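Trainee: coordinates for the following, if possible.
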Amino acid sequence: MQHANRTDAIAASLSALHRDLVRLPRGGKRWRAAFARYRRTDHWRARSAWKLAIFPFCQMCMLMGIRQKRATEVHHSQYNFFNEAIIGDLVSCCKVCHLAHEQRRMRKYRK
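Mentor: Model (predicted):
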């Protein structure tokens with residue numbers, strides 16, 4: 001019986017996390033805290049590891065024609081939390097490209 005209670009508690013917690021990620025204003029303090037919790041879930045760890053195994057080199061470097069570097073991070077191109085398509089919603093990237101992309105995105109939202 002305890003296993004069922006634990007499973008129900010985990011499902012409720014993930015459901016609340018999904019609700020926060022979808023409803024809270026993107027980029028706000030509470031959304032960023034929810035996103036940090038999401039990145040610690042087993043789901044995200046498995047998805048990002050799978051993406052890096054399929055595409056081990058930076059896809060952003062490849063698009064810009066730069067010498068390919070090993071990808072170390074996975075970027076959401078579409079925010080379909082808990083339902084990401086490995087091919088379309090996620091991008092393998094190196095730390096430099098990911099940081100540059102996030103800085104451009106944050107400048108856009110500041111205006």
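
Trainee: mind giving me the packing neighbours of the longest helix belonging to the chain?
Mentor: Ranked by residue count, the top helix of the chain under DSSP state H comes out as helix 2-23. For helix 2-23, the packing partners by 3 or more C-beta pairs under 8 Å, 6 or more residues apart in numbering; DSSP states H and E come out as helix 29-39. To be clear about C-beta, it is placed using only N, CA and C from the backbone, and glycine gets the same treatment.

Trainee: could you check how far the helix it packs on is from the centre of its chain?
Mentor: 10 Å (C-alpha atoms, centre = their mean, to the nearest Å).

Trainee: buried ones in it, by neighbour count?
Mentor: W31, A34, F35, R37, Y38 (16 or more other C-beta atoms under 10 Å).

Trainee: repeat for stretch 13-32
Mentor: L14, L17, D20, L21, L24, W31.

Trainee: residue contacts, the residue most central in space within the chain?
Mentor: In the chain, the centroid-proximal residue (C-alpha atoms, centre = their mean) is H76; its distance is 4.8 Å. With contacts defined as C-beta atoms under 8 Å, 6 or more residues apart in numbering, the neighbours of H76 are E84, D89, L90, V91.
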